[in-house]
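Trainee: Need coordinates for the below:
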Amino acid sequence: MTYVEGFLTPVPTANKEAYRRHAQSAVEMLKGVGATRFVEAWGDDVPDGKLNDLKQSVNLKPDETLLFSWLEYPDRATRDAAGEKMMNDPAATQMMQDCPFDATRMIYAGFEKIVEAGTGATAPGYVDGYVLPVPTAKKEAYRELAARMATSFQDHGALRVVEAWGDDVTNGKVTDYNRATHKQDDESVVYAWIEWPDKAARDAAWAAIMADETLHEHEPPFDGKRMMWGGFVPILDTAQD
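Mentor: Residues are numbered from 1 along each chain as shown. Below you'll find the model as predicted:
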């Protein structure tokens, strides 16, 4: 089953091009260890939340921008082997030491894909990314809801929708997905995204979806107050290669 490694990264806004070059330099290495897709998306519409939000998750500073990024692998075994190879690769180690951002505040974890609608064959012009805690016992109820919503997103122009369930989400020294979502012991973290042709299509779709009362008839199986989301512009996507 396709496996996702999801990242949230704070990057100095002035370092945008340096970051893009840094990410581009890693593409061949990541392909060489089995990654099938690599996307880096630059924060564009990342709102403040009342309890938490994506910016707080990485302790974002005023002169920084949030990146929502992911790697896709054929399965967890490939992802784990890739991590092991890169940990023992001097070039990969040097690349992390030379990164144009504060890596101590970068969040990453492994997620198992539970919903996918769309092929991903067309590179998006805009991405909605969201992270949320879901009661572990309600995994199937969440998957069913996510699948229904994915159909609605596609009906309104989405190119692809992916929902991935936390599988390897560890605690970090400075920040992590668990504390960012205020995750409780009986909950799991979901990392998900929607790929759109462009921002205009995304904005029109959300306006229509929010106005459709039939999509809001049932109470969601999670605490929506702790859901974090934002809009992002891809600056690197190997689907374009």
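Trainee: for the protein, which spans come out with low pLDDT?
Mentor: 241 (pLDDT under 70).
Trainee: could you pull out the helices for it?
Mentor: Ranges of helices in the chain, per DSSP state H, are 16-24, 27-32, 54-57, 76-87, 90-97, 139-155, 177-180, 199-211.
Trainee: Could you dump the ones you listed into JSON lines and include mean neighbour count?
Mentor: Yep, even glycine has a C-beta here, placed from its N, CA and C like the rest. JSON lines is the format used below for the helices of the chain (neighbours: other C-beta atoms under 10 Å):
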{"stretch": "helix 16-24", "mean neighbour count": "16"}
{"stretch": "helix 27-32", "mean neighbour count": "14"}
{"stretch": "helix 54-57", "mean neighbour count": "20"}
{"stretch": "helix 76-87", "mean neighbour count": "15"}
{"stretch": "helix 90-97", "mean neighbour count": "11"}
{"stretch": "helix 139-155", "mean neighbour count": "16"}
{"stretch": "helix 177-180", "mean neighbour count": "22"}
{"stretch": "helix 199-211", "mean neighbour count": "15"}
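Trainee: To residue 231, which of those helices lies closest?
Mentor: Between residue 231 and these, the shortest gap by C-beta to C-beta is with helix 199-211, which sits at 6.7 Å.
Trainee: which residues touch that closest one?
Mentor: 44-45, 125-126, 128, 152-153, 156-158, 194, 196, 215, 231, 233 (C-beta atoms under 8 Å, 6 or more residues apart in numbering).
Trainee: For ChimeraX, write the selection for the buried entries among those.
Mentor: For the buried members of these, the matching ChimeraX selection, counting by 16 or more other C-beta atoms under 10 Å, is:
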select :125,126,128,152,153,156,158,194,196,231,233
